[in-house]
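Chemist: what would the 3D arrangement of this be:
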Amino acid sequence: MQLPIPLEWKWLIAICSLPLIAQTASPPRVAMVVVNSAYQKLRPIANSADAAAISKALAEAGFSVTARTDLTASQWIQLEREFEKQVKPGSIVAFYFSGYGFQHRGSNYLAPVDYVAGDGRDVTVKAYSLERWIRDVLEEKQADLKLIFIDAARDNPELLRDADAEGLAVMSGDLKTLITFSVAPGKAYNEQAGKDKLGFAGLLSKVIRTPGVAAFEMNREILKEASEAGNRVILPMTSTQIIKEFFFHKPLPKPAPVAVVKQPPPPKLGDVWENPKDELKYVYLPPGRFTMGCVAGDRKCDKKTEMPPHPVSLTKALWISRTEVTVFAYRRYAEAASKPMPDAPRTNPGWRDTHNPISRVSWFDADAYCKWSGGRLPTEAEWEYAARAGKEGTLYPWGNEPSRDNANYDGRGRNERDQYDESSPVGTFKENEWGLFDMAGNVSEWMADFFEPPNPSPGEETDPQGPSAGKEKIVRGGSFAANPEQMRISAREHFPPQNNGNRLGFRCVVEKTAGN
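Modeler: Okay, the predicted model is just below:
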């Protein structure tokens, strides 16, 4: 029995079924797109255009797409059986769903259009289990990569009659499975609040079409696109993370080198360089002069450790890592140096979220990594110079008021952008004026300097290095657990160098690169 197909979809399904040149290469790419709009017993959803947008983007990326709308429970089971035949060992499988979903006993269920909430029937019979499909179909068929995109956490009180809690539950998966929700687990959004903005389907299809975006970078790219589109409702979150490199569209080829050899221009403020050793991006900072310490009007200034403010001159240019060192980069170091990874925190088991900052590293671990990458830890004067980014007199890198739009701090923020219990992926929040991320919050950062109280009358300092010996090392920037006071640019913490707490991370500086 053939599932009913609306007339307006026949042209799209025909296009998606055509053999594409990209599919002749292995591994094969197959996709299933389900968009449920016309719910019979729940409030209808204005998302009928989603199927066309996603299906077209996936087809352009070389996927053979099976697209359906408004499936009942029985039609969905039949579609699963038909799609299962397309999944071969080694396949790359994409699945997109738009409609209603909910969590029940720790598992996620997607609602067919004939779903009736609270009627006493078993949820496992009348709804579609996302976990079961991934496990029993995709994993059993030995799919190589599973790319799951779910836009189902819509606010609907009726669903709470069967659900354990609002929104969807956190999902776990192997390193070949990427699951991205349109909003963070445990959250639901009101569709009407963002109806005049580009929705999840539009944001996702735009990122899919962008050449050179790796699958594990998609969550960050969707967040960036949502911010640029002014959509503060759709704040996607990747629940599980793949480590294998996969591009919907490969990066555009670089232009052929010019035969005439020219000397590269000298670097300028804000230039970005990728370190081939750790594959992190570094930002160029020229020599400069700034005022270090508490700013005027700072009522939280610690007079014992942050006073007095005094001029500092830095005479050497440097490159500083644009983000805190990530799990991905630190794993490269650990493998190259035959070092063990630190114990993973409970919020990132097995270090599965590879674009989160590495933590639980001692000062000695951080120092060894930076030396391996060709650099060193920053002095606290260099760090404060970078954090201020030319803005004298502000408490925070962005201004004088704490802001969850700019930093991950003090636990999860209700109804705000910070949806993270602990660390967030680097680059999630806004960068400062010089293009540096997380100079406040996320993880606290080890400095090269030993700690000592400041000189009560230091005068102007040039390239200060701190004391030559001591018992503790400086830590700057505050963390996901910090309060606003601890995130001020001038705030100084200090710990024994062997300390390796969950909120401790770092970034590196390199004084010279090839060609400068």
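Chemist: report the contact partners of the nearest residue to residue 281 once chain neighbours are set aside.
Modeler: Sequence neighbours aside, residue 322 is the residue nearest to residue 281 in space, at 4.4 Å (criterion: Cβ to Cβ, 6 or more residues apart in numbering). Just so you know, the C-beta spots here come from the backbone N, C-alpha and C atoms, and that holds for glycine as well. Residues near residue 322 by Cβ atoms under 8 Å, 6 or more residues apart in numbering: 272, 280-283, 431, 435-437.
Chemist: compile the residues you listed into TSV and extend it with columns for pLDDT and distance to residue 230.
Modeler: Converted to TSV, those look like this (pLDDT from 0 to 100; distance: Cβ to Cβ, whole Å):
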residue	pLDDT	distance to residue 230
272	94	26
280	96	30
281	96	26
282	97	31
283	97	27
431	94	19
435	96	22
436	97	24
437	97	21
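Chemist: okay, and which of the residues you listed map to strands?
Modeler: Members of the contacts of residue 322 lying in strands (criterion: DSSP state E): 272, 281-283.
Chemist: of the contacts of residue 322 - the most surrounded one?
Modeler: Ranked by neighbour count (other Cβ atoms under 10 Å), those have residue 282 at the top, with 26 neighbours.
Chemist: report the beta-bridge partners for that one.
Modeler: In this entry, residue 282 is beta-bridged to residue 273, residue 321, by DSSP bridges.
Chemist: give me the secondary structure label for residue 387.
Modeler: Classification of residue 387 by DSSP: H, G, I helix; E, B strand; the rest coil places it in helix.
Chemist: any idea how far it is from residue 68?
Modeler: Using Cβ to Cβ, to the nearest Å, residue 387 is found at 51 Å from residue 68.
Chemist: ok, then the element right after the strand or helix carrying residue 96?
Modeler: Using DSSP states H and E, residue 96 falls within strand 92-98. Next along the chain after strand 92-98, taking DSSP H and E as the criterion, comes strand 101-104.
Chemist: the following helix or strand past that following strand packs against which elements?
Modeler: Downstream of strand 101-104, the next assigned helix or strand under DSSP H and E is strand 107-110. Under the contact definition 3 or more Cβ pairs under 8 Å, 6 or more residues apart in numbering; DSSP states H and E, strand 107-110 sits against strand 101-104, strand 128-129, helix 130-133.
Chemist: contact partners of strand 107-110?
Modeler: For strand 107-110, using Cβ under 8 Å, 6+ apart, the contacting residues are 34, 36, 97, 99-103, 123-124, 127-131, 150, 152, 168-169, 171.
Chemist: mind doing that once more with 7 Å?
Modeler: Strand 107-110 is contacted from outside by 97, 99, 101-102, 123, 127-131, 152, 168-169, 171, using Cβ atoms under 7 Å, 6 or more residues apart in numbering.
Chemist: could you measure the residue of the chain most remote from its centre against residue 309, distance?
Modeler: What lies farthest from the middle of the chain is residue 457; by Cα atoms, centre = their mean that is 43.7 Å. Going from residue 457 to residue 309 by Cβ to Cβ gives 12 Å.
Chemist: moving C-terminal of the helix or strand bottoming out on mean pLDDT in the chain, what's the next helix or strand?
Modeler: Lowest on mean pLDDT, DSSP states H and E among the helices and strands of the chain sits helix 7-17, with a mean of 44. Once the chain leaves helix 7-17, the next helix or strand it forms, by DSSP H and E, is strand 29-35.
Chemist: re earlier: switch the contacts of strand 107-110 over to JSON lines; also include neighbour count and pLDDT.
Modeler: JSON lines is the format used below for these (neighbours: other Cβ atoms under 10 Å; pLDDT from 0 to 100):
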{"residue": "97", "neighbour count": "22", "pLDDT": "95"}
{"residue": "99", "neighbour count": "26", "pLDDT": "95"}
{"residue": "101", "neighbour count": "28", "pLDDT": "95"}
{"residue": "102", "neighbour count": "30", "pLDDT": "95"}
{"residue": "123", "neighbour count": "17", "pLDDT": "94"}
{"residue": "127", "neighbour count": "25", "pLDDT": "95"}
{"residue": "128", "neighbour count": "24", "pLDDT": "95"}
{"residue": "129", "neighbour count": "16", "pLDDT": "93"}
{"residue": "130", "neighbour count": "22", "pLDDT": "93"}
{"residue": "131", "neighbour count": "16", "pLDDT": "91"}
{"residue": "152", "neighbour count": "24", "pLDDT": "93"}
{"residue": "168", "neighbour count": "29", "pLDDT": "93"}
{"residue": "169", "neighbour count": "22", "pLDDT": "92"}
{"residue": "171", "neighbour count": "20", "pLDDT": "87"}
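Chemist: may I see the residues you listed organised as a markdown table, with distance to residue 334 added?
Modeler: Shown next, in a markdown table, are these (distance: Cβ to Cβ, whole Å):
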| residue | distance to residue 334 |
| --- | --- |
| 97 | 37 |
| 99 | 42 |
| 101 | 38 |
| 102 | 40 |
| 123 | 43 |
| 127 | 42 |
| 128 | 40 |
| 129 | 37 |
| 130 | 33 |
| 131 | 32 |
| 152 | 37 |
| 168 | 33 |
| 169 | 32 |
| 171 | 27 |
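Chemist: pLDDT weak spots in this structure?
Modeler: 1-26, 193-196, 413-418, 513-516 (pLDDT under 70).
Chemist: quick one, helices of it?
Modeler: With DSSP state H as the criterion, the chain has helices at 7-17, 50-60, 73-84, 123-126, 130-133, 200-209, 218-229, 327-337, 363-372, 380-388.
Chemist: so which of those comes closest to residue 398?
Modeler: Set against residue 398 and scored by Cβ to Cβ, those come closest in helix 380-388, at 10.5 Å.
Chemist: which strands and helices sit next to the closest one?
Modeler: strand 288-292, strand 310-314, strand 444-450, strand 473-476 (3 or more Cβ pairs under 7 Å, 6 or more residues apart in numbering; DSSP states H and E).
Chemist: contact partners of the longest one?
Modeler: Spelled out, that is strand 444-450. For strand 444-450, contacts defined as Cβ under 7 Å, 6+ apart pick out 324, 363, 366, 376-380, 383, 465-467, 469-470, 472-479, 493, 503-507.
Chemist: the inter-axis angle of it versus helix 363-372?
Modeler: Here strand 444-450 runs at an angle of 90 degrees relative to helix 363-372 (axes from the mean of the first three to the mean of the last three Cα atoms, to 10 degrees).
Chemist: direction included, what does strand 444-450 pair up with?
Modeler: strand 473-476 (antiparallel), strand 504-505 (parallel).
Chemist: quick one: buried residues of it?
Modeler: Within strand 444-450, the residues that count as buried by 16 or more other Cβ atoms under 10 Å are 444-450.
Chemist: turn the helices and strands packed on helix 380-388 into CSV, including distance to residue 370.
Modeler: Formatted as CSV, those follow (distance: least, Cβ to Cβ, whole Å):
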stretch, distance to residue 370
strand 288-292, 22
strand 310-314, 18
strand 444-450, 9
strand 473-476, 13
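Chemist: identify whichever of those strands lies nearest to residue 189.
Modeler: Nearest of the helices and strands packed on helix 380-388 (Cβ to Cβ): strand 444-450, 32.0 Å.
Chemist: residue 73 touches residue 116, doesn't it?
Modeler: No: Residue 73 lies out of contact with residue 116 (Cβ atoms under 7 Å); the separation is 10.3 Å.
Chemist: nearest residue to the residue farthest from the centre of the chain other than its sequence neighbours?
Modeler: Nearest to residue 457 is residue 308, by Cβ to Cβ, 6+ apart, at 7.5 Å.
Chemist: and if you look at residue 190?
Modeler: Once flanking residues are discounted, residue 190 sits nearest to residue 155: 4.8 Å by Cβ to Cβ, 6+ apart.
Chemist: residues near the one you found, how many?
Modeler: Counted with other Cβ under 10 Å, the neighbours of residue 155 add up to 16.
Chemist: ok, it to residue 191 distance?
Modeler: Counting by Cβ to Cβ - residue 155 and residue 191 are separated by 8 Å.
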